[in-house]
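In: Return atomic coordinates for the entry below.
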Amino acid sequence: MDIPTAAANNAPTAAPTQQIDLGIGGMTCASCVARVEKALLKQPGVSAASVNLATESARITLLDADVAEASARLKRAVREAGYDPRTPQIRAEEIARWHGIAIDFLPVLAGLLLSAPLVLPMAGDLFGQHWMLPAWIQFLLAAPVQFWLGAPFYRASWHALKARSANMELLVAIGTSAAFALSTWLWWRAEPGQMVHLYYETAAVVITLVLLGKWLEARARRQTSSAIRALHALRPERAHLLRGGVRRTEVIDVAVDELLPGDRVRVLPGERFPADGRLHAGQTQADESLLTGEAMPVPKLPGDFVTGGAINGEGAVEVLVGAVGATSVLARIIALVEDAQATKAPVQRMVDQMAAVFVPAVLLIALATLLGWIAQGATLEAALLPAVAVLVIACPCALGLATPTAIMVGTGVAARHGILIKDVQALEVAHRVDTVALDKTGTLTLGRPRMSALEVAAGVDPAQALRAAAALQAHSAHPLARAVLDAAAERGLTPAGADATDVQAVSGRGSLGRVDGVLLALGSRRWIDELGVALGPLAARAQELQDGGATVSVLLSQTLASGAQGQLDALAQRPPSAAAQPLGGWTVLAVLAFADQIKPGAAAALQALRAQGLRLFMVSGDNWGAALAIGRALGFKAEDGEVLAEVLPGDKAALVQRLRAGAGGKKSVVAMVGDGVNDAPALAAADVGVAMSHAHGGGSDVAMHSAGITLMRGDPLLVAAALDVSRRTVAKIRQNLFWAFAYNVAAIPLAALGYLSPIIAGAAMALSSVSVVANALLLKRWQPPRGR
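Out: Presented below is the predicted three-dimensional model:
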């Protein structure tokens, strides 16, 4: 099993770059994001910077720079911009508490306690009671809220002004300061003993509500990163290292970071495997649910691959460590999810550009509101309240959180179900897919064909023919090669691997080489026809097997004369255009037939895809007989061109391009699903490449490096699930952006017209960002579609 790195598809060769992840504290809105990005991009050697408000982090791309020096320079730039640079880390679930109260809630609690007496007279008005605290008591209650609890707003505003920009804190600071200053002015101007209406409660309550909203928002945002925290929690801290020989074995508990490839470790029942490796002794079952989404425990026998982080079942076993640290499956899963969450969606960049002018625009609207009310004959006090309401209700926070929170939750819930999304671009494109091309072998079938028939020519010993074929396939990873080797092993035949020399693979056709001095070729019927070789008496039987749905290969032999190496090279390199030119001297030794089984969930997976209104194609390099047999069994309509057979690996990418071109001038958005090394070009050519991972690794590793989405287990139902979660995530992004924009478009005019008091405005502003995060969190309830 392997996981792709974050390399871009079809990326051209470029100058070497390095990435730095930096935690950033103190950001509150989209304007903050824009200011931090601007500060980072000004630094020498920085080619790109992406700041994420939801994760409070930045990913910076450097061109040929000293990482240590660049990191120090970047941290200083962030600090000078008014924010707190820090080492990025996953937030712990446990929050520090004081007498049972969360530390981060204490400022909110203090604000509520100080503001409550100021609001109490307003409650009395509801019952016909006109209470009013003396002005000096109101001042003493409001001043700590304004200048102590509100100090972070002033500091952030000052840093923003120094950077010649504006942020949400500046709006709050100006609005509440205006209400506080107006109240102080009215109190100072009043006659002794005169009771005047003051607005200290407006300033205090607005700051308290904003603090409460930020606390609720932070609490909700912690839940958006739960998937990453859950993956980090899978890493055990200690391992039982085995040292010594057979006679005397010593068990030493060591830190997992100290393990090296080749070490032997003991894993007790219920413990997590400390590293990737192969089962060396014992047998057990492994719970891989948090890694692959597979609910059922997976049986493990000696030689089977085990993944670090999976839970050992009932057996005490020994594992031979294979991969540790950043090369392990778990580390690469975490890196892939973090990369997806760190990248910025194109729509978010547009939002950031709008946020850069949002706050200045709100300041102008507030000034226009103040002057407009005064022009209409209102007093300064009466005109100031709607102006303050405009300042307080404007919320760039919701705009900044709308996209990243949905992406974090969407990619996180997908990862929990075994779907790894490499980048945001794949997520955005996947929801528009209308055509899905699925490779047959390993995707819709088990990819473990078995030899079902062996027909030999007259005078040929079947055992010798199979032994020769196995020798030729001894070092191949192709599924049919494994089937030949398995068949030879079942019959007790040892492949003469040491005698096979000059073995060469002919892409999409077969392989050839010398065994005991004899030139052998083993390949498809198509290749045999290209060579101009007639099957003779075996032709009818080969056609019968092929019509029955079997994959047919033919074994040929030819005595290789001295000095005829050039013929061997010509066979391996000749283009299809030269295929009609026969090369004589070949003798047909045997016809081998192979049968593969349809995956148990393939039919249900295709039904789920069709239910989404998608057009499906099955692509196969196999002969038409085998492809049609599988295709019809799975409901593909061959008469409508939904079965595409005898497609060479080099032609798969061109086929995907033709599917993308569509019909009648209407282009299609194509997803290509595959798992083999020969699927990689097609995955890269598709709008979205979807690679299936298998426990045995192999060719699927190359495919996954070319794909935008990786399925952590070979369940075709995950294809429909991946497309479904992408649609739902993009829908959440759109919903969040709609409500964030609609809130500001509707609320600011209402505040300017005097329909909303500053207190109501503050509550609405606080709840707007919370509602965006809460809406994104609804994605955590997503479940993959089930086949029927």
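
In: From here on, just use CA atoms for contacts and neighbour counts.
Out: Fine.

In: Next, count neighbours for residue 137.
Out: Here the number of neighbours of residue 137 (other C-alpha atoms under 10 Å) works out to 11.

In: Please report how far it lies from residue 777.
Out: 42 Å (C-alpha to C-alpha, to the nearest Å).

In: Show me where the stretch 601-750 of the chain has its helices.
Out: All helices of the stretch 601-750 of the chain, identified by DSSP state H, counting those that start in this stretch, fall at 602-611, 624-633, 649-661, 680-685, 700-705, 717-752.

In: make that the stretch 1-150 of the chain, sorry
Out: 30-41, 67-80, 106-125, 135-144.

In: Looking at stretch 738-749 now, give me its mean pLDDT.
Out: Average pLDDT, stretch 738-749: 85.

In: just to revisit the earlier point, same list (the helices of the stretch 601-750 of the chain) but as JSON lines, adding distance to residue 279.
Out: Below are the helices of the stretch 601-750 of the chain laid out as JSON lines (distance: least, C-alpha to C-alpha, whole Å):
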{"stretch": "helix 602-611", "distance to residue 279": "30"}
{"stretch": "helix 624-633", "distance to residue 279": "35"}
{"stretch": "helix 649-661", "distance to residue 279": "34"}
{"stretch": "helix 680-685", "distance to residue 279": "30"}
{"stretch": "helix 700-705", "distance to residue 279": "21"}
{"stretch": "helix 717-752", "distance to residue 279": "28"}
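
In: for these, which one sits closest to residue 201?
Out: helix 717-752 (17.9 Å; C-alpha to C-alpha).

In: one step back: so which of the helices of the stretch 601-750 of the chain gets nearest residue 265?
Out: helix 700-705 (26.1 Å).

In: What about the spatially closest residue to residue 176 that is not a sequence neighbour, how many residues nearby?
Out: Nearest residue to residue 176, sequence neighbours excluded (C-alpha to C-alpha, 6 or more residues apart in numbering): residue 203, at 4.5 Å. For residue 203, the neighbour count with other C-alpha under 10 Å is 29.

In: The helices of the stretch 1-150 of the chain: lowest mean pLDDT?
Out: helix 106-125 (a mean of 80).

In: That one vs helix 135-144, what angle?
Out: Inter-element angle recorded for helix 106-125 and helix 135-144: 150 degrees (by axes from the mean of the first three to the mean of the last three C-alpha atoms, to 10 degrees).

In: Centre of the chain to helix 106-125, how far?
Out: In terms of C-alpha atoms, centre = their mean, to the nearest Å, the centre of helix 106-125 is found 45 Å from the chain centre.

In: just stretch 43-57 next, same as before
Out: With C-alpha atoms, centre = their mean as the basis, stretch 43-57 stands 19 Å off its chain's centre.

In: oh, and call the first residue 884 from now on, that's how I've got it
Out: Noted, 884 is the first residue going forward, which turns the last one into stretch 926-940.

In: Sort out which residues of that stretch are buried, please.
Out: 929, 932, 933, 934, 935, 936, 937, 938, 939, 940 (16 or more other C-alpha atoms under 10 Å).

In: who's in contact with the first one?
Out: With contact set as C-alpha atoms under 8 Å, 6 or more residues apart in numbering, residue 929 has these partners: 923, 943, 944, 945, 946.

In: Over to residue 1321. Which of the three states is it?
Out: For residue 1321, the assignment made with DSSP: H, G, I helix; E, B strand; the rest coil gives strand.

In: got it, and the one 4 residues further on?
Out: Put simply, residue 1325 is helix when judged by three-state DSSP.

In: Model confidence for residue 1610, exactly?
Out: Model confidence at residue 1610 (pLDDT) stands at 92.

In: Quick one, grab the pLDDT at the nearest residue to it once chain neighbours are set aside.
Out: Closest residue to residue 1610 apart from its sequence neighbours, by C-alpha to C-alpha, 6+ apart: residue 1314 at 4.5 Å. pLDDT, residue 1314: 88.

In: what about the one helix or strand residue 1266 maps to, distance to the chain center?
Out: Assigned by DSSP states H and E, residue 1266 falls within helix 1263-1276. Distance, stretch centre to chain centre, for helix 1263-1276: 45 Å (C-alpha atoms, centre = their mean).

In: Next, the angle from it to helix 1600-1635.
Out: Interaxial angle of helix 1263-1276 relative to helix 1600-1635 (the same axes, to 10 degrees): 170 degrees.

In: can you tell me how far the residue nearest to residue 1610 sits from residue 1606?
Out: Distance, residue 1314 to residue 1606, by C-alpha to C-alpha: 6 Å.

In: if you skip the residues just before and after it, what's nearest to residue 1282?
Out: Spatially, and ignoring its direct neighbours in sequence, residue 1282 is nearest to residue 1623 (5.6 Å; C-alpha to C-alpha, 6+ apart).

In: Surely the residue nearest to residue 1059 is within a strand?
Out: No - checked against three-state DSSP, residue 1086 lies outside a strand; its state is helix.

In: Could you report the separation of it from residue 1112?
Out: Separation of residue 1086 from residue 1112 (C-alpha to C-alpha): 38 Å.

In: Next, the closest residue in space to residue 1624 that isn't next to it in sequence: secondary structure please.
Out: Of all residues not flanking residue 1624 in the chain, residue 1282 sits nearest, at 7.3 Å (C-alpha to C-alpha, 6+ apart). Assigned by three-state DSSP, the conformation of residue 1282 is helix.

In: Also the one 10 residues further on?
Out: The assignment at residue 1292 comes out as helix when based on three-state DSSP.

In: re earlier: residues touching the residue nearest to residue 1610, list them.
Out: Contact analysis of residue 1314 by C-alpha under 8 Å, 6+ apart lists 1606, 1607, 1609, 1610, 1613.

In: circling back to that earlier point, which stretch among the helices of the stretch 1484-1633 of the chain comes nearest residue 1091?
Out: helix 1600-1635 (19.3 Å).

In: Now the element after the helix or strand of the chain with the lowest mean pLDDT, going C-ward?
Out: Least confident helix or strand, the chain: helix 1448-1456 with a mean of 51, by mean pLDDT, DSSP states H and E. With elements assigned by DSSP H and E, the helix or strand that comes after helix 1448-1456 is strand 1470-1478.

In: what packs against that next one?
Out: Contact here means 3 or more C-alpha pairs under 8 Å, 6 or more residues apart in numbering; DSSP states H and E; on that basis strand 1470-1478 packs against strand 1333-1339, helix 1345-1355, helix 1422-1430, strand 1434-1442.

In: Can you check which of these gets nearest to residue 1515?
Out: Using C-alpha to C-alpha, the helices and strands packed on strand 1470-1478 put helix 1422-1430 closest to residue 1515, at 13.0 Å.

In: Let me see the residues that make contact with the closest one.
Out: The contact list for helix 1422-1430, computed with C-alpha under 8 Å, 6+ apart, reads 1434, 1435, 1474, 1476, 1506, 1508, 1509.

In: Could you report the separation of the residue nearest to residue 1610 from residue 1296?
Out: Using C-alpha to C-alpha, we find residue 1314 at a distance of 16 Å from residue 1296.
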